[in-house]
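1. make a model of this:
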Amino acid sequence: MLSDVTTPQDLDDRFRESLGALVAPARRRDLDEPPTEGAPLTGAQALALFDAQVTSRLLDLAGRWLRSFGEGFYTIGSAGHEGNAAVAAALRPTDPALLHYRSGAFYCVRAAQAAGAFPAGDGAADSSGTGPGGQSDGVGPPDGVGSAADDEAGSAAVRPDPETAGRDRLPDPDRPGTARVGSAADDEAGSAAVRPDPETAGRDRLPDPDRPGTAEADDPDRPGAAGTDDSDRAGTDPGRSAAEAVEPPHGTAAPDHDRDAEPVEVAAVPLGAGVAVDATGEAVVGAPAAVGEDAYSEAARDVLRGMVASAREPIAGGRHKVFGRADLAVIPTTSTIASHLPRAVGMGLAMERQRRVGGGRRAGSAASSGETAGSPWPPDAIVVCSFGDASVNHASATAAFNTAGWYDHTGLRIPVLFVCEDNGLGISVRSPQGWVAATLRAKPGIRYFAADGADPVEAYRVAGEAAAWVRRHRRPAVLHLTTVRLMGHAGADAEAAYRSAAEIAADAERDPLLATARLLVEGGFATGEELLARYDERGWQVRRLAEEVLDEPKLASPAEVVAALAPRRPVRISRAVAEAGARAAGPNASARAEAFGGKPPELAGPLTLAQNINAALADGMLDHPGMAVFGEDVAAKGGVYGVTKGLRDRFGAARVFDTLLDETSILGLGLGAGIAGMLPVPEIQYLAYLHNAEDQLRGEAATMQFFSGGAFRNPMVVRVAGLAYQEGFGGHFHNDNSVAVLRDVPGLVIAVPARPDDAAPMLRTCLAAAAVDGSVCVFLEPIALYHTRDLYADGDGEWLGEYAEPGGWAAGHVPVGRARVYGVGSAEDVTIITFGNGVRMSLRAAATLADEGIGSRVVDLRWLAPLPVADIIREASATGRVLVVDETRRSGGVGEGVIAALVDAGYVGAARRVAGVDSFVPLGPAARQVLVSEEAITQGARTLLAR
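-> Model prediction:
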């Protein structure tokens, strides 16, 4: 009987009892036959799905066990969502997948597919996922069952029982007296006996989190805790492990006094074999099914390594527990709120573009050259992206659905299959009955399919139809897969606080593992006893793997942790810039002359900041075939400030295009395009609008290399018009001086060009860094300086700059993190450190100070991340007096970072700040009251010198 909270022990008990109650098949059927007439999958495929589901379930139980003695760090599992195994089986292993965190069974199937071990069939989707291509509106389950797949990650610590601290050793699967089912995976994982420690003999069972003395047992609100009567659970042994499913089969462990007895000879039965008893009582062993057991073991090891934060985990390397592997085309996602959905839309758009017009690599270039590659997936691949029902309500999901539908409405194709796994809960918050289905059905331009995740035949059939529809039509669809959630949101989740015992029991009745087991038994492919043997054999494998990964190394130094965050290879970047210049002056010279109408920018005379950026974008487009410029108003209008003027005419609408007005979607398109092999350059029209979508930079862009060990990357240069000082056009949306949120993102490169002659070299550096290192760069362009021409007096033209001819690009290269220094007067009295608009104001102030006999060094940081610390220290030490001119705010502004860098370096001279007031920028002349002025800079320098 289930208690009013589904513990691992409850789930294991029920599964065993249910398997034992299944009636043996009347006749044994061939595994190549379908389980029911007209079913789209074979018995062999159903058996392979069962193995994947069992592996996933056992991993969930292992996660609870590991956590019970402090060796595991992740207990959000997939129990109840194992129906997604059928979804994986309906797809191709080359379809890129962005999976949410209840995707254990999907991941196992994908591993078997990639290894060529998943059985082929003639049903809705064979091993290549082609399927019949049938269309369907998705006749499926009742509306309104939700999913917690998007629940926020995390669980409270579960302290180990002091009596079992030091972690119990796993039982020895090879010890005498233990009946074993043979498996090729045993050889893979290692079959040497793991003898119990004599000091812990008799404690082979997993630590029991329900036993008094553990954190969960000490919870007075938990059913079965001290003071409550939990004795009515039929068949429950109070001393039994909480994760018995990864224990040996019931009744197989020999008593302690028999452990030295002679081994009992048991005939090895290949895993996957069909076993039946004929009329004479003789056992008949059929041919093993190709269940991809070795691949399942490998997948299990991957997941277990993630749970224990092993540095050998194949994707994140111990930095997080994610589903991801490059060779499986599984792209890691760490989001719990569907922020990966915009990326999926961008991937679909980019993949379809590359399918139609070709890849992103220039002709003749090699992968080692640093050039962005073409799409790593086949031309007819589709993107699959899974999420939970609660995420349907999140802004990121809404943006993704809207963008996919918007582009579909315009005739552009986006081959994305969204999979909403709906178990009715977002941690404890219920999805209203019918809401999820109504919401998904109402999305314009997105085809709706629905299936019951507890019915493997239906789930496989409908998933195959949905995948085939997307693949054939290259259009978006959503598969609404109803699921259940077993064992709560995570290890510390007390379901009884928000769910009734009847609700929990009802979910247990829809356990997808039992559904697949019934299908196999009723179809005549196995008996309940045989499936239980498979379950126990897989349990032994998972236990052995769990013990193996426990002692694997963890990340042990800051350098190890950040190694994959944001690689910096300045020599290669410099070389890439030089090679681009050589191509522009050589093989591409004629194409370049044609693109610029016979008048290249280096012959156009001094240019403004905006004109230099425009020319550099054009040169970038000529050099990078996979580069695309997009955003609001960037194409036909040429940008609200004319920075992208003429680019669409030169390079076409496929490479320069307007997007819908949604910053989340713009960045999502860039994220997807980058990971698909392009070099995206999205534009955010104003800095203030970036705040609507900043998680796409922080949670998605900046984390990709970090959480994939560099296996995946999303190169991108985000152009942002920002900062203040616009005259005649103001307000806080168009004069935003807030950059703290960007500087706080690890690994992000932030460039702020102030001078026109710096703008083009810095943009070339960002493009090269993105192509070579996969860098995510923000190119923050000061709006007020776009069209500025003069510095000291009207008409002097001192703020214009020449555009370098290609042969000079290498000599004029501006490395990431290097400042520019201007000497005014003697340059010996004060160092003014600034950026952006502050550069022009500081140079004007320095001229005034020079008239007073005060010499200044004006340092243009140029890069806000990483800060040019070495240049800051050198120039500060040269005068011993530092004035930081920070046009951002006093709190959280750039100046704080500059001062901190000086302190950290042991600077002992004088320092002072002039910064913006902690205020939003108001409209009109009032803005002058809160922004830095030339007068404030001059007075600040005088005060500093007067000390």
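
2. going forward, measure contacts and count neighbours with C-alpha atoms only.
-> Will do.

3. now do the longest strand anywhere in the chain: which elements does it pack against?
-> If each strand of the chain is counted by residues according to DSSP state E, the longest one is strand 881-889. Under the contact definition 3 or more C-alpha pairs under 8 Å, 6 or more residues apart in numbering; DSSP states H and E, strand 881-889 sits against strand 830-834, helix 837-851, helix 894-904, strand 910-916, helix 934-945.

4. chain center to it: distance?
-> Offset of strand 881-889 from its chain centre (C-alpha atoms, centre = their mean, to the nearest Å): 37 Å.

5. just the CA atoms of that strand, as PDB, please.
-> Extracted in PDB, the C-alpha atoms of strand 881-889 (Å, rounded to 0.1, in the frame of the first residue of the first chain):
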ATOM      1  CA  ARG A 881      46.600  60.600  -8.600                       C
ATOM      2  CA  VAL A 882      43.500  58.900 -10.200                       C
ATOM      3  CA  LEU A 883      40.200  60.400 -11.100                       C
ATOM      4  CA  VAL A 884      37.600  57.900 -12.300                       C
ATOM      5  CA  VAL A 885      35.000  59.400 -14.500                       C
ATOM      6  CA  ASP A 886      32.100  57.000 -14.600                       C
ATOM      7  CA  GLU A 887      29.000  58.000 -16.600                       C
ATOM      8  CA  THR A 888      27.100  55.000 -15.100                       C
ATOM      9  CA  ARG A 889      25.700  55.100 -11.600                       C
END
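
6. between it and strand 830-834, how big is the angle?
-> Strand 881-889 runs at 20 degrees relative to strand 830-834, counting by axes from the mean of the first three to the mean of the last three C-alpha atoms, to 10 degrees.

7. what angle sits between strand 881-889 and helix 934-945?
-> 150 degrees.

8. in its sheet, what does strand 881-889 sit against?
-> Its sheet considered, strand 881-889 pairs with strand 830-834 (parallel), strand 910-916 (parallel) by DSSP bridges.

9. contacts only, for Leu481.
-> With contact set as C-alpha atoms under 8 Å, 6 or more residues apart in numbering, Leu481 has these partners: 419-422, 450-453, 459.

10. please redo it, this time with the cut-off set to 6 Å
-> Residues near Leu481 by C-alpha atoms under 6 Å, 6 or more residues apart in numbering: 420-422, 450-453.

11. ok, Ser708 next?
-> With C-alpha under 6 Å, 6+ apart, Ser708 has these contacts: 315-316.

12. mind redoing it with 7 Å?
-> Shown in contact with Ser708 (C-alpha atoms under 7 Å, 6 or more residues apart in numbering): 315-316, 332.

13. now the buried members of these.
-> Among the contacts of Ser708, those classed as buried by 16 or more other C-alpha atoms under 10 Å are 315-316, 332.

14. would you list those residues in TSV and tack on secondary structure and pLDDT?
-> Shown next, in TSV, are these (DSSP: H, G, I helix; E, B strand; the rest coil; pLDDT from 0 to 100):
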residue	secondary structure	pLDDT
Ile315	coil	92
Ala316	coil	90
Pro332	coil	93
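
15. list the buried residues for stretch 434-444?
-> For stretch 434-444, the buried set under the neighbour-count rule, 16+ other C-alpha under 10 Å, comprises 435-437, 440-441, 443.

16. which residues touch stretch 32-39?
-> Residues from elsewhere that reach stretch 32-39, judged by C-alpha under 7 Å, 6+ apart: 41-44, 457, 519-520, 523.

17. quick one: pLDDT of Glu282?
-> You'll see Glu282 listed with a pLDDT of 46.

18. right, I mislabeled it, should have said Val741
-> 89.

19. which residue, other than its chain neighbours, is closest to it?
-> Glu694 (7.9 Å; C-alpha to C-alpha, 6 or more residues apart in numbering).

20. mind checking how far that neighbour is from Val330?
-> Distance, Glu694 to Val330, by C-alpha to C-alpha, to the nearest Å: 24 Å.

21. so which of those two has more stuff around it?
-> Neighbour tally, Glu694 and Val330, criterion other C-alpha atoms under 10 Å: the higher count belongs to Val330, 24 against 18.

22. which residues does the more buried one form beta bridges with?
-> Beta-bridge partners, per DSSP bridges, of Val330: Ala97, Arg325.

23. I'd assumed Pro96 was in contact with it.
-> Yes - using C-alpha atoms under 7 Å, Val330 is in contact with Pro96, at 5.8 Å.

24. for the one residue sitting closest to the centre of the chain, what is the enclosing helix or strand?
-> By C-alpha atoms, centre = their mean, the chain has its centre lying nearest to Thr333, at 2.4 Å. When elements are assigned from DSSP states H and E, Thr333 belongs to no helix and no strand.

25. ok, it touching Arg102?
-> No - using C-alpha under 7 Å, Thr333 is not in contact with Arg102, being 11.8 Å away.

26. who touches both of these two?
-> By C-alpha under 7 Å, 6+ apart, no residue touches both Thr333 and Arg102.

27. skipping adjacent residues, who's closest to Thr941 in space?
-> Just so we're on the same page, residue 941 is Ala rather than Thr. Ala941's closest residue in space is Leu883 (C-alpha to C-alpha, 6+ apart), at 6.5 Å.

28. how about Val470?
-> Pro415 (5.6 Å).

29. contacting residues for the one you found?
-> Contacts of Pro415 (C-alpha under 7 Å, 6+ apart): 348, 382-383, 470-471, 474-476.

30. tell me the one among the residues you listed nearest to His734.
-> Closest to His734 out of the contacts of Pro415 is Gly348 (32.3 Å), distances taken as C-alpha to C-alpha.

31. can you lay out the helices and strands packed on strand 881-889 as a markdown table showing mean neighbour count and mean pLDDT?
-> Shown next, in a markdown table, are the helices and strands packed on strand 881-889 (neighbours: other C-alpha atoms under 10 Å; pLDDT from 0 to 100):
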| stretch | mean neighbour count | mean pLDDT |
| --- | --- | --- |
| strand 830-834 | 28 | 98 |
| helix 837-851 | 21 | 97 |
| helix 894-904 | 18 | 96 |
| strand 910-916 | 20 | 96 |
| helix 934-945 | 17 | 96 |
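
32. so which of these is nearest Lys554?
-> Taking C-alpha to C-alpha, helix 894-904 is the member of the helices and strands packed on strand 881-889 nearest to Lys554, at 29.5 Å.

33. packing partners of the closest one?
-> strand 881-889 (3 or more C-alpha pairs under 7 Å, 6 or more residues apart in numbering; DSSP states H and E).
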